[in-house]
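*Asks:* compute the structure for the input listed below.
(2 chains)
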There are 2 protein chains.
Amino acid sequence: MPVKFGPHLIHTSQIFFTSQFSFGLVNLKPITTGHVLVVPKRNVPRLAELTTDEVSDLFVSAQQIGKVIEREFDGTSLTVAMQDGPAAGQTVAHCHVHVIPRRFGDWKINDDIYEELDHTKIDNEERPPRTKEEMAHEAEWLRPFFGDQGVPWDGY
Amino acid sequence: MPVKFGPHLIHTSQIFFTSQFSFGLVNLKPITTGHVLVVPKRNVPRLAELTTDEVSDLFVSAQQIGKVIEREFDGTSLTVAMQDGPAAGQTVAHCHVHVIPRRFGDWKINDDIYEELDHTKIDNEERPPRTKEEMAHEAEWLRPFFGDQGVPWDGY
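*Replies:* The predicted structure follows:
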């Protein structure tokens, strides 16, 4: 079975982390280097639809991934954000957590980063999608940092 | 013992939710009505410092609080965000989750909301702090929605 992210089919080469209920996905159009997504395996739109175990697993995964992402991409902080529903800027109706390494001065106004998360920008043509090869390369590099969890998920 | 939020002493009348490791706090300077904070009881700056149990409890609490906040403040979505460290806009060095009800059109650009989270705006004088009475009133109104967890926390 293919892995789905909302309606999109994801190539397993883009997955760098797998836990019991979640997976870590490199980004087609990252707003900065190291911007990754943490996604529940079960394809539901909203946080409220996840079980307690799924919520726990999702954010413990985000914590683990954040530690590596911050260190490896030379961050000093992290933005951890969920756009939970269309009115919050969600464009893929499969709930997911953005984990983004941060450094002082990376955006002119500290939280202009979030404007970058706005779908009108993410979906436009200014930010070209990365190639499958670029994404596979990044995922392959990230996997060893996660031990047993640094494996692609093959779907249900 | 007083409840601390970073270096700040919090009046328990501002707390509307208590779980094993977390509490829910109404906001001194909300960026919109219904903008609340979910805070681990243990006063540490970064997500990485929380135990697995604390991370799970924090975000399961955020999920529960989000369901009520979205419904009661007439939202259709939620922004769930953690500014994890100073370079991510964190101003109180006690890690915490922002839970914010969202509606289409609430900000001109969908994610201008995040610029509002920028400390340069949150800490300036344009947004006057609410009174202790206003905050206590909101917390008192929210508590019954959370059953046994709708109680103030008295601190360790």
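*Asks:* stretch A:58-71 vs chain B: in contact?
*Replies:* Yes: Stretch A:58-71 is in contact with chain B by C-beta under 8 Å from any C-beta of the partner chain, via A:58-60, A:63, A:66-67. For every residue, glycine as well, the C-beta is placed using N, CA and C.
*Asks:* pLDDT of that stretch, averaged?
*Replies:* Taken as a whole, stretch A:58-71 carries a mean pLDDT of 98.
*Asks:* returning to what we had before: show me the residues of stretch A:58-71 next to chain B that map onto helices.
*Replies:* Among these, the members found in helices (DSSP state H) are A:58-60, A:63, A:66-67.
*Asks:* are any of those buried, and which?
*Replies:* Neighbour counting with 16 or more other C-beta atoms under 10 Å in any protein chain shown marks A:58-60, A:63, A:66-67 as buried within these.
*Asks:* and after the helix or strand bottoming out on mean pLDDT in chain A, which helix or strand comes next?
*Replies:* Lowest by mean pLDDT, DSSP states H and E among the helices and strands of chain A is helix A:119-122, with a mean of 51. Using DSSP states H and E, the helix or strand that follows helix A:119-122 in sequence is helix A:132-142.
*Asks:* can you give me the strands in chain A?
*Replies:* With DSSP state E, the ranges of strands along chain A come out as A:3-5, A:8-10, A:15-18, A:22-25, A:36-40, A:77-84, A:97-102.
*Asks:* rewinding a little: which one of the residues of stretch A:58-71 next to chain B is nearest residue B:129?
*Replies:* Residue B:129 has its nearest neighbour among the residues of stretch A:58-71 next to chain B in residue A:59, at 30.0 Å by C-beta to C-beta.
*Asks:* wait, what's in contact with the residue nearest the centre of chain A?
*Replies:* The geometric centre of chain A, computed from its C-alpha atoms, lies nearest to residue A:37 (C-alpha atoms, centre = their mean), at 0.5 Å. Contacts for residue A:37 (C-beta atoms under 8 Å, 6 or more residues apart in numbering or on different chains) come out as A:5, A:24-27, A:96-99.
*Asks:* switch the cut-off to 6 Å
*Replies:* A:25, A:96 (C-beta atoms under 6 Å, 6 or more residues apart in numbering or on different chains).
*Asks:* what's across from it in the sheet?
*Replies:* Beta bridges link residue A:37 to residue A:25, residue A:98, judged by DSSP bridges.
*Asks:* what about the closest residue to residue A:79 other than its chain neighbours, how many neighbours?
*Replies:* The spatially closest residue to residue A:79, leaving aside those adjacent along the chain, is residue A:100, at 4.3 Å (C-beta to C-beta, 6 or more residues apart in numbering or on different chains). Residue A:100 sits with 29 neighbouring residues when counted by other C-beta atoms under 10 Å in any protein chain shown.
*Asks:* surely residue A:100 is in contact with residue A:36?
*Replies:* No: using C-beta atoms under 6 Å, residue A:100 makes no contact with residue A:36, being 8.1 Å away.
*Asks:* compute the number of surrounding residues for residue A:92.
*Replies:* The local packing of residue A:92 (other C-beta under 10 Å) involves 16 other residues.
*Asks:* flag every residue of chain A that's near chain B.
*Replies:* Residues of chain A lying close to chain B by C-beta under 6 Å from any C-beta of the partner chain are A:47-48, A:52, A:55-56, A:59-60, A:63, A:67, A:76-82, A:84-85, A:87-89, A:102-104, A:109-111, A:114-115, A:117-118.
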